Structures are given as C-alpha cells and as structure tokens.
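Novice: model this:
(2 chains)
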Amino acid sequence: MPERWARVVVAWVAGLLWFLPVAWIVITALSPSEELLGRGLSSVIPTSLTLENFNFVLDRTNYSTYFQNSLLVAAATVILTVLLSCTGGYALARLPFPGQGLLGHGTLLAYTVPKALLVVPIFTIFVGLQLANSKTGLTITYLTFTLPFAIWLMKGFYEGLPAELEEAALIDGASRFRAFRSVILPLAVPGIAAVAVFSFLLAWNDYLFALVFLIEEESRTLPVGVSASLHVNTMSADLWSALMAASVMSAIPVFIVFLAAQRFLVQGMAAGSVKG
Amino acid sequence: MKIGTRTSRKVASAQGQNSSERGPTPPAAILRVLNSVRGLGLVFVLPALVIIFGVIVYPLLHAVRSSFYDVDLRSQSDATFVGLDNYRSVLTSEDFPLALTNSVVLTVTTVVLELVIGLGLALAMHKHFRGRGLVRSLLVLPWPLPSFIAAFAWIWLLDYNFGLINHLTDALFNQRVAWLGGESTAMVAVIAVNVWKTLPWSFVTLTAGLSLVPTELLEASRMDGAGKLQELRHVILPSMRSVIIVVVLLRTIWTFNEFEMVYLLTGGGPGRATYVLPIALFETAFVGFDLGRASAIGVIILCILAVFGSVYLRQETRGRDQHA
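Specialist: From the prediction side, this is the model:
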C-alpha cells in the first residue's frame, strides 16, 4: 500500500535527519584533526579512526574534575527531586490540605519565570547565605528547575491510580504512611523513573547557573569547564576535534541514563500528563 | 479522586489506641500527625513548598523590587528608588521592539514547526512497522544532549568552510551560506537548531497522547466509513486536545525564555539579528551591570508569559471538567 510506504519513508528520513548531527559529532571526535580541514564532501569520511582527541581532552584539560563535579551535583539533584516530588505530588493528588487546589494548578506556573531573571537575585541571596560558589548552592537552584515539573508529573501519575488501592490498605489496618509506602510507591516506579531521568538531564546539562555559581576551576561542572577550555575565540582544527571528543564523553552518561529508562519515560509521561 | 476523610480518620484513631499497647512507639503526637490525612499531606508537601518559595518566589519578588530601583550589579547597596523609570526606559528603547519581535518570531516559528512535525511523525509512526523502535530512538537523540554540545556541534556543522551542511549545499547547488554569520540567515539557523533540539520532547509527548486515544472511538468511526482525514479531524485531534494544548503552552513558554541555545549559537548576533529578550536581560545585567533595568526586562517577559500561563490554567480546569 503506497500510504504505508509513505509513512515508513517519512519516519526514516526524519530519523536519519535527527541522527545526522549526532553522528557527525562522533565522527569528528574519532577523526584525526588534520582531516577536518578538507573542503568537500570527500573530507567527511575519515580515512582512519583515532583516539587522539580523547587523549587531548584528558591530558590537556581538567576534564576528569569537571566530570566528577557534574556527577556529584546531578546525583544530589536526582535524589532530592525524587524524594520531594514523590511526597509532594502525592500530597497534591490525594491528601487534602489548605491551599491544595491552588498549588495543584499553580506548580507549572513556576516555569513562566525566565532563568536569566532568577540568576541574579538567587546569586545575591546565596552569597548572603554563604551558598554561592558551592556545589550545594547549585544543587538547590537545580531543584527549582526540576521540582515544578516533577511534582506535576507525579501528581498526575498518582491521580491515575485508583483510590481503591489505598482504601483497601487502610481497611486492612495500615496507616496512611504505610499505605503510601507499601502500596502506592511500588506502583509509582515509572513516574519516579521519568522524574529521575528528567532531573538528571537538567542538572547535567545546565550552563547558565553553573556559569554564575561555580567560579573556581576546581568546582566547575562539564558545560562550563568544557566551554571555557575548548571553545575559545580562535578555534583550530585541534580544538574542534577535542571539543567534539569532550562532547562525546560528556554526552555518554546522559545517553546511558536516558536510553535505559526510555521505556519508563514514555509510560510515566503518558500517565502523568494526560489524566483520564 | 480524593479518599474519603471520614473513613480514614476512623481507621487512624483506631490504630492510635492499639499501638500504645504494643510497647515503645514514637510520641503519640507525631503518630497522630502522620496518620491524619491533613498532617501527612502537610509533611509531604512542606519541603517542596519551602524550596519553591525560597528559591523561586522570594528571588522573584527580590527581582521585581529591584526593577523599581536604579541598582548597579556590582554595588547593590547604593540603590535609588526610581519608580517606573526602568520600565519606561526599556519600553521606549530602540532595542526592545527588536528583541520582542525576534523573540516572537523565534517562539512562534519553533513551536508551530515542532507541533506540525511532531504530530505528523507521531501519526506516521502510530502503526507499527519494522524498525519503528530504532527510528523512535534516533528521533529522541537530541533530547538528552546538553545544549552546549548541541550548540558547538551545530556551529561546526554550519561552518562556512568546513561544515557538513555547506559541503552538501556546495555539492548540490554550488552554493555556500554563512548561516550563523549572515544577518538574514542567522535566525533561520537558530530556529532550525532549536527545533532539532526540542522536537524529541514534543514528539514523545504527542506520541503518548496519541496512544491514549480510545480505540473504540477509532473502530467505531472506521465502521461508520470514515476516511483517514475525517478520522484525524473528528476523532484523533479532539481526543488529543489537552495534550496538544499542553505541548503548545509549555513549548511556547520554554522557547520564549530560552537563553542558552541562542546565546551559545550567536550571542544575539550578527548585529541584532537574533537578539531575543532573554539575551537582552542577560546583557543588561552582566555587561551593562544595570540590575534595575535588567529586572524590568525580566518582569516584562514574565507579564507576557503570565498571559499564557493563565490560559493554560483555564484550559486545564476546563479539560478536567470534561473528563470528570
């Protein structure tokens, strides 16, 4: 059937288009840097593959320091976001408390605030609290990005679970907290996975806040560290190759996290964003 | 769906009486709070509330306050009250209408393209075909990619002399374009990169929404003899209404606020070609050191988006009532 073929072709064309830049990053990272300077399509296919660019990054920059810092901050952000959104979302979905209606609808309004606007006042306040220029301070600011969406997602997720489950547990004599912990929480794993992935992405990828909050070289995270070391005013072929190599290394953790949880992601978001 | 409070309170108080006979337990007061519906709700929601208030609402109020003062970023103690002067200065400046236009162009074009492409692909891939999982994974690749990597990769891809895109246009049309360097092409390039980077999210969300279209409705319409286009118009799109609204609203807000991608790609240039409001804010604060004026820009952005935010709230309530 021609229609079916049209669909498949369209899908594949789109898939390849979206894949191309990523492939290009990887190819450039693995090619010797001299080959980058060719001026035609023939220069695109590398004649040899090499790991020299990766060595360049690891030897000539503080890459491993940046990596560790990013990992610390991202892990802390994920753990805190999961804890706070699991409980916060549940409260908004199930437990009546003053102001619930307003909060339930209003959490996403937090995203209307541009990051660039928040940077300066947050920085000023954190300087006063001795939290500026620290990974702890940065983690707390990341929570402001992750929590609204995470809470909204978990709330929607919980609302999709039938109330009878908790009722049954309560009738069996469990406390409210126990009902939450033993009955609801195990079912919320897809939502939690979605929240974890989303938070990790946000924390790992942020540039603006990391730029403002982490000034010292030793505490820099990957986005700022890599940009500062490898994307300079006059770029050479060496630097472009190194930059692509650093990009590949920086992207691998997020890709692992992302692909591993992809199944949960679609499930969690479907349940969280469309209540039925 | 909320659980009946009367039943749960009865159960909770019954438990309180039993547990005191079972040996050392946490103070009765704590137990009572944790077991009561309201108590648990508060305990659960309080930490998140504290953070959201402390790190979003309070700084926001701080920024709004700054917008009414003449404040230098470097010496914030010497602030003089100037009322609406900052707003007047921003709204009457030459740069503001330009930044606003650029922001609107970037946002509207990006969101429309994302919606059309995302929805189109979601529909095209609705029925299973061999390799569909692989295509989906390919489409989703830009999502986890950090913005700085995407920006650098595309700067390299669009390079006039050595970029792949220009190698292709050279081979096909004998033409090279200075994408990010040309005043008329820079915006096109920024839009394209933006769509490339953010389509995955829209695509996944729309696919999820599409998967929730009730199959009985589709079957019924097919039995009534509806063609593909009619099926789309009368069954699929109405069922996906709330998802589409969510995608459009969130993407509009996020794109309008987008700073990193545009800044890393062009820095707002060349000239003022891609000078959008968030960049105006950033430069006013960190290059001009004029904190008051920068805050005013931020508040203006906020007001523009507040309209969208309130539309979203109204839509969510209406949508929920339809489903209840």
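Novice: How many neighbouring residues does B:Ala79 have?
Specialist: 16 (other Cβ atoms under 10 Å in any protein chain shown). All C-beta atoms are positioned from the backbone trio N, CA, C, and that covers glycine.
Novice: Look up how far chain A lies from it.
Specialist: Here B:Ala79 is placed at a distance of 12 Å from chain A (Cβ to the nearest Cβ, to the nearest Å).
Novice: Please name the residues that touch that residue.
Specialist: B:Ser66, B:Tyr69, B:Asp70, B:Val71, B:Gly292 (Cβ atoms under 8 Å, 6 or more residues apart in numbering or on different chains).
Novice: Surely the third one touches B:Asp85?
Specialist: This points to B:Asp70. Yes - proximity of B:Asp70 to B:Asp85 meets the contact threshold set by Cβ atoms under 8 Å, at 7.4 Å.
Novice: residues contacting the nearest residue to B:Ile279 once chain neighbours are set aside?
Specialist: Of all residues not flanking B:Ile279 in the chain, B:Gly268 sits nearest, at 4.3 Å (Cβ to Cβ, 6 or more residues apart in numbering or on different chains). Going by Cβ under 8 Å, 6+ apart, B:Gly268 touches B:Val262, B:Thr274, B:Tyr275, B:Val276, B:Ile279, B:Ala280, B:Glu283.
Novice: give me the number of residues near the fourth one?
Specialist: Read it as B:Val276. Counted with other Cβ under 10 Å, B:Val276 comes out at 30.
Novice: any weak-confidence spans in the chain?
Specialist: This is for chain A. Applying pLDDT under 70 to chain A flags residues A:1, A:38-43, A:96-109, A:262-276.
Novice: Oops, wrong one, chain B.
Specialist: Ranges of chain B meeting pLDDT under 70: B:1-26, B:29-38, B:76, B:312-313, B:315-324.
Novice: Next one: B:Ser137 from chain A, what distance?
Specialist: To chain A, B:Ser137 is 7 Å away according to Cβ to the nearest Cβ.
Novice: Am I right that that residue is in contact with A:Phe258?
Specialist: No - between B:Ser137 and A:Phe258 there is no contact under Cβ under 8 Å: 9.8 Å.
Novice: neighbour-wise, which of the two wins?
Specialist: Neighbour count, other Cβ under 10 Å: between B:Ser137 and A:Phe258, A:Phe258 has more, with 22 against 14.
Novice: Surely that one is in a helix?
Specialist: Yes - according to DSSP: H, G, I helix; E, B strand; the rest coil, A:Phe258 belongs to a helix.
Novice: Over to the closest residue to it other than its chain neighbours. Which of the three states is it?
Specialist: Spatial nearest neighbour of A:Phe258, chain neighbours left out: B:Pro144 (4.2 Å); criterion: Cβ to Cβ, 6+ apart. Here B:Pro144 takes the coil state, with states given by three-state DSSP.
Novice: Backbone dihedrals for B:Pro144, please?
Specialist: phi -80, psi -10 (degrees, to the nearest 10).
Novice: now swap in B:Asp290 and tell me
Specialist: Phi and psi for B:Asp290, reported as degrees, to the nearest 10, are phi -90, psi 90.
Novice: ok, now which ones touch it?
Specialist: Residues in contact with B:Asp290 (Cβ under 8 Å, 6+ apart) are B:Val71, B:Asp72, B:Leu73, B:Thr284.
Novice: which two in the contacts of B:Ala79 are spaced the farthest apart?
Specialist: Farthest apart among these by Cβ to Cβ are B:Ser66 and B:Asp70. That separation is 9.7 Å.
Novice: out of these two, which sits in the more crowded spot?
Specialist: Taking other Cβ under 10 Å, B:Ser66 and B:Asp70 do not tie; B:Ser66 has more neighbours (26 against 16).
Novice: Can you get me a residue count around the nearest residue to that one once chain neighbours are set aside?
Specialist: Excluding its sequence neighbours, the residue lying closest to B:Ser66 (Cβ to Cβ, 6+ apart) is B:Ser295, at 4.1 Å. For B:Ser295, the count of nearby residues is 29 (other Cβ under 10 Å).
Novice: and B:Ser295, what does it touch?
Specialist: Counting by Cβ under 8 Å, 6+ apart, B:Ser295 makes contact with A:Leu117, A:Val120, B:Ala63, B:Val64, B:Ser66, B:Ser67, B:Val71, B:Asn86.
Novice: Most neighbours among those residues, which one is it?
Specialist: Ranked by neighbour count (other Cβ under 10 Å), the contacts of B:Ser295 have A:Leu117 at the top, with 28 neighbours.
Novice: That one and B:Gly298 touch, don't they?
Specialist: Yes - contact criterion Cβ under 8 Å: A:Leu117 and B:Gly298 qualify, at 3.2 Å.
Novice: Is it possible to get TSV of the contacts of B:Gly268 that adds secondary structure?
Specialist: Putting those into TSV (three-state DSSP) gives the following:
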residue	secondary structure
B:Val262	helix
B:Thr274	coil
B:Tyr275	coil
B:Val276	coil
B:Ile279	helix
B:Ala280	helix
B:Glu283	helix
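Novice: Which strand or helix spans the spatially most central residue of chain B?
Specialist: In chain B, the centroid-proximal residue (Cα atoms, centre = their mean) is B:Trp254; its distance is 3.2 Å. Under the criterion DSSP states H and E, the helix or strand holding B:Trp254 is helix B:241-257.
Novice: Counting neighbours, what do you get for B:Phe81?
Specialist: 9.
Novice: need the contact list for it.
Specialist: By Cβ under 8 Å, 6+ apart, the neighbours of B:Phe81 are B:Phe68, B:Tyr69, B:Asp70.
Novice: could you measure the first one against chain A, distance?
Specialist: Separation of B:Phe68 from chain A (Cβ to the nearest Cβ) stands at 14 Å.
Novice: got a list of what that residue touches?
Specialist: For B:Phe68, the contacting residues are B:Phe81, B:Val82, B:Gly83, B:Leu84, B:Asn86, B:Gly292, by Cβ under 8 Å, 6+ apart.
Novice: same thing with the last one?
Specialist: Contacts for B:Asp70 (Cβ under 8 Å, 6+ apart) come out as B:Ala79, B:Thr80, B:Phe81, B:Val82, B:Asp85, B:Asn86, B:Gly292.
Novice: which one among those gets closest to chain A?
Specialist: Closest approach to chain A among the contacts of B:Asp70 (Cβ to the nearest Cβ): B:Gly292, at 10.9 Å.
Novice: ok, and that closest one, which helix or strand is that part of?
Specialist: Assigned by DSSP H and E, B:Gly292 belongs to helix B:291-323.
Novice: Show me the strands in the stretch 51-200 of chain B, by range?
Specialist: Using DSSP state E, counting those that start in this stretch, the strands assigned to the stretch 51-200 of chain B run over residues B:69-70, B:80-81.
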